[in-house]
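Participant: I'll drop the sequence and a predicted model, then ask my questions.
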Protein chains: 2
Amino acid sequence: MVAEDADLPLVQGWRELLTVHARTWCALDRELARHGLSASEFEILDRLVEAEGADARVQDLAAAAHLSQSAVSRLIGRLERDGLVARAMCVQDRRGIQVCLTPAGHARHAEALSTHRAVLAEMMTAPDPGPPQ
Amino acid sequence: MVAEDADLPLVQGWRELLTVHARTWCALDRELARHGLSASEFEILDRLVEAEGADARVQDLAAAAHLSQSAVSRLIGRLERDGLVARAMCVQDRRGIQVCLTPAGHARHAEALSTHRAVLAEMMTAPDPGPPQ
DNA sequence: CACTGTTTCATGCGTCTGCATCTAATGCAA
DNA sequence: TTGCATTAGATGCAGACGCATGAAACAGTG
């Protein structure tokens, strides 16, 4: 029961990370919903903007967004249904698909970008807003 | 398009946090599964051990574990089904329930504790293990 | 007491996720 | 060429989540 002292800073650090993560992620989800996007969806759109032109494969996006391959596959399906991205066959490797932004996808991302940055600035700098009142 | 430079460190910090979080959380989920627990379930058990004796209400646990009240209610239901916790009525306020650990719950937590600490130590100190091979 | 509003937990419902699996395309070797 | 192992993405399935709601217990007023 005394050996836990050495682990205390580790556990505290982990819990702080969990707190910041939950707080920021929820805020992102809530605010980005005003643009019709979830936090995960924006993350994927953001990666697509960065990789503009380069081939964006599903598994690369999955690794970048910390999601499973199946989750990204369905997420891309949703974005495609909403007209924000398009799936195209890779000519070199016809197993893979090339995910690319549509003009609407570009516009949606640009529209949500400032919201995203604002939430990050507010959530990651303020250490603890505390319970409201 | 030049104004984004000021946001870069913010975004990079957020992405690093996301990476550490996903990596650690997945490792916890995977390793704690060997004890029949999910990461969330261990988190709740951990809080119950800390609050030993004090009244552990559902909403307090929800706030501590960064989960919704409904999620914790069902999670407690699962732990109760597995015989790890018990629900008791609060005498002061019979709306609330008092969640308390059973001996089996104590044992399960003690069993999983070292695994939990080991994963934290490994995940939160190593900055980037990189892709295997 | 009766009445209204708030709080605490449980639950119906839809969505998102991961795991396992399937199909199709590739690569390599006989 | 044929055959087998590997890889990329799609999908069936079950589990966990949040939102909205419901039922029960409080708190306050008349």
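Facilitator: Cool, the structure landed.
Participant: which residues touch the residue nearest to the spatial centre of chain A?
Facilitator: Compute the mean C-alpha point of chain A, and by CA atoms, centre = their mean the closest residue is residue A:43, 2.8 Å away. Neighbour list for residue A:43: A:64-65 [criterion: CB atoms under 8 Å, 6 or more residues apart in numbering or on different chains]. For glycine as for every other residue, the C-beta is placed from the backbone atoms N, C-alpha and C.
Participant: name the element it belongs to?
Facilitator: According to DSSP states H and E, residue A:43 maps onto helix A:39-50.
Participant: ok, now residue A:8?
Facilitator: helix A:8-32.
Participant: Repeat that for residue A:88.
Facilitator: Using DSSP H and E, residue A:88 falls in strand A:85-89.
Participant: Spell out which parts of chain A neighbour DNA strand D.
Facilitator: A:30, A:57-59, A:69-70, A:73-74, A:76-77, A:87, A:93, A:95-97 (CB under 7 Å from any atom of the strand).
Participant: quick one: which of those residues is most hemmed in?
Facilitator: When neighbours are counted by other CB atoms under 10 Å in any protein chain shown, residue A:76 leads the residues of chain A next to DNA strand D with 23 neighbours.
Participant: Am I right that that residue falls within a helix?
Facilitator: Yes. Counting by DSSP: H, G, I helix; E, B strand; the rest coil, residue A:76 is part of a helix.
Participant: ok, so what distance separates it from residue A:49?
Facilitator: 15 Å (CB to CB, to the nearest Å).
Participant: just residue A:60 next, same as before
Facilitator: 14 Å.
Participant: moving C-terminal of the strand holding residue A:88, what's the next helix or strand?
Facilitator: Next along the chain from strand A:85-89, counting by DSSP H and E, comes strand A:97-101.
Participant: so what does that following strand touch, helix or strand wise?
Facilitator: helix A:39-50, helix A:58-65, strand A:85-89 (3 or more CB pairs under 8 Å, 6 or more residues apart in numbering or on different chains; DSSP states H and E).
Participant: Wondering if it reaches DNA strand C at all.
Facilitator: No. Strand A:97-101 stays clear of DNA strand C (CB under 7 Å from any atom of the strand), getting no nearer than 10.7 Å.
Participant: Tell me what angle that strand forms with helix A:58-65.
Facilitator: In terms of direction (axes from the mean of the first three to the mean of the last three CA atoms, to 10 degrees), strand A:97-101 departs from helix A:58-65 by 50 degrees.
Participant: and after strand A:97-101, which helix or strand comes next?
Facilitator: Past strand A:97-101, the next helix or strand by DSSP H and E is helix A:103-125.
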